[in-house]
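> Quick one: sequence and predicted model below, then my questions.
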Amino acid sequence: MLARAIEETGLPTAGIVLIKEHAERVKPARALWVPFPFGFALGNPDDPPFQHEVLAAALDLFKATSAPVLAEFLEDGEAPVRLLQATAARAESTSDVDADAADELTAMRGYYERWVDNHDGRTLVGLTGVPQRRWRGLIKYLQSYAAGDAPTYEEIPADMAEPRFIRLAADDLKAFYMEARMCQRPDQRNNDVQQWFWTETAAGTLLAQIAERLNVAGDDALTRAAFGIAR
Amino acid sequence: MPRLEDLTEIARQGHLNFPAFEHDDAPFVALTKPLSEARLALVTTAGLHLRGDEPFVNNDQSFRVIPSDTPARDILQSHTSIGFDRTAFMRDVNISFPVDRLNELVEQGAIGSLSTNYYSFMGALRNPKQVEEETGPEVARLLIADGVDAVLLTPT
C-alpha cells in the first residue's frame, strides 16, 4: 500500500514482500517475494553475501518496463519457519524456575553488557526509557501486577495507559534477556533462544503470568496488550 | 514469509484473512537512469525510529525520519509481536534495514547515491487509509525534494 502511494506520487519503487498472497492482491509496481519468516526480510543476519543476493534481486526489478512485477527469490534462509510460542514451550517444559527475576537480571547483566560492547553499542532495549539502573523497581512493579495487585509505578508516563507501558516493558525485558543469552550461548539461535526464555527464566515466567492476568480481564485493550507479550 | 502451506493453520488463516487492499492494476513510474547514477532512498515498514523518538503504537499511520547516516546503535524498533523473531534484528540491523549493504553498493558504484533521510512506518497496518492518502504521499514528496530517483521498501 505504501509502495503504491509513493509510486502514485511519482517515484519508482521496488519492495521486498513476505506474503505473496498479499502482494498479488495489493499489486505494488515491483515486488520481490522472499521465502523467509517475518523478522528475516533479507534472509540471514550477519550474512552480507546472502543479503546482497536478495538486494540485487530486488534492485534488478527497477529494469521493469511495466507493472505489476512480482518476482520470487527461491533460496531459503536459515531461520525456522515456525516461531516457538510461549504456551507451546511452557506446556512441554519440565523446568522449575525458582529464581527471582530481579536477581536473575543482575546475573545476566554481564552477558548483556558484553553483547552491547560487541555490537558497537547497539541494543534494542530502550522503549520505556526507564534507565536500567532502576530496573529492579520495574521488576518489582511487574511482579506485583502479575500477582493481581494494583501497584502504582512512578515511571509510567502520565499520558500513557498502563497496558501500553507493560507491553513496552515486556519488549525491553525480552530484548535484554535475548541479547544477553546470545552472548552467553553464541551457538543458540532463533527458537533455542525463545525456548530458553520462556521455560528457563524467571522473566519469561513473569511475562507469561502478566499475559494471563491481562487475558482474564476480558477487556479488549488488555487482551491486545497480552497478545503482544505472550501467546 | 515462508510458503503459507508451511505455517500452522491459525497463522495461515490469519494471513489469508488479513484485509489487504485489493487492486486490479499497478501504478508505474519508470526509472529513467541506470541505478549506478540514481539516488536511492530506503523506506521500511519495520516500525523503526531513533532512540528517544515516540514509539509506534498499533495501527499507527505516522512515519519517523531516520537520517541515512544514523549509526545502528541509535535505531530502535517498536514494531514488536509474538508473530516474529526479533533475535535476527538484534544481531543485525541489515536484516530489515540494509543500511550497511546500501553503503557498500554505493562504494562499489552499483548505486549512484543515497537519500539524506530514510523513512520508517509501522508494520501490520490493518487499514492503511491514512498512509495511502496522506503520510505515504508526504514521504514521497519529501524524497522527491531531496532529488531521489528510486525507493527501496523493506518489511520486518
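Alright, I've got the coordinates. Residues are numbered from 1 along each chain as shown, chains lettered A, B, ... in the order given.
> low-scoring pLDDT stretches of chain B, where are they?
B:1-2 (pLDDT under 70).
> In it, what residue lies closest to chain A?
residue B:136 (2.8 Å; Cβ to the nearest Cβ). The way it works is simple: take the backbone N, C-alpha and C, and place the C-beta from them, glycine included.
> which element is that residue on?
Under the criterion of DSSP states H and E, residue B:136 resides in helix B:136-145.
> next helix or strand past that helix?
Following helix B:136-145 in sequence order, the next helix or strand is strand B:150-154 (DSSP H and E).
> Give me the contact list for that next one.
A:2-3, A:6, A:11-16, A:28, A:41-42, A:55, A:58-59, A:62, B:31, B:35, B:38-46, B:96-98, B:102, B:140, B:143 (Cβ atoms under 8 Å, 6 or more residues apart in numbering or on different chains).
> Go through these and flag which are in helices.
Cross-referencing those against helices under DSSP state H gives A:2-3, A:6, A:55, A:58-59, B:102, B:140, B:143.
> Point me to the residue of chain A nearest chain B.
For chain A, Cβ to the nearest Cβ, closest residue to chain B: residue A:5, 2.8 Å.
> residue ranges for the helices of chain B, please.
Using DSSP H, helices in chain B cover B:9-16, B:87-91, B:99-108, B:129-130, B:136-145.
> Measure how far the fourth one is from the centre of its chain, please.
Here the centre of helix B:129-130 is set off from its chain's centre by 17 Å, with Cα atoms, centre = their mean, to the nearest Å.
> Are there helices or strands packed against the longest helix seen in chain A, and which ones?
If you go by DSSP H, chain A has its longest helix at helix A:162-184. Judged by 3 or more Cβ pairs under 8 Å, 6 or more residues apart in numbering or on different chains; DSSP states H and E, helix A:162-184 is in contact with helix A:101-118, helix A:135-146, helix A:191-200, helix A:202-216, helix A:220-229, helix B:87-91.
> of all these, which gets the most neighbours per residue?
Most buried of those, by mean neighbour count (mean count of other Cβ atoms under 10 Å in any protein chain shown): helix B:87-91, with a mean of 25.
> Quick one: list the elements packing against that helix.
The helices and strands touching helix B:87-91, judged by 3+ Cβ pairs under 8 Å, 6+ apart, are helix A:162-184.
> Could I get the buried residue list for the helix it packs on?
Using 16 or more other Cβ atoms under 10 Å in any protein chain shown as the test for burial, helix A:162-184 gives A:162-183.
> Point to the residue nearest the middle of chain A.
residue A:171 (7.2 Å; Cα atoms, centre = their mean).
> distance of it from residue B:126?
Distance check for residue A:171 against residue B:126: by Cβ to Cβ, to the nearest Å, it reads 20 Å.
> before we move on, back to that, in strands only, show me the contacts of strand B:150-154.
Using DSSP state E, the members of the contacts of strand B:150-154 that fall in strands are A:13-16, B:39-44.
> now these as a markdown table including neighbour count and distance to residue B:130?
A markdown table is the format used below for those (neighbours: other Cβ atoms under 10 Å in any protein chain shown; distance: Cβ to Cβ, whole Å):
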| residue | neighbour count | distance to residue B:130 |
| --- | --- | --- |
| A:13 | 30 | 19 |
| A:14 | 28 | 23 |
| A:15 | 27 | 19 |
| A:16 | 24 | 23 |
| B:39 | 19 | 27 |
| B:40 | 25 | 26 |
| B:41 | 28 | 20 |
| B:42 | 21 | 21 |
| B:43 | 27 | 16 |
| B:44 | 28 | 18 |
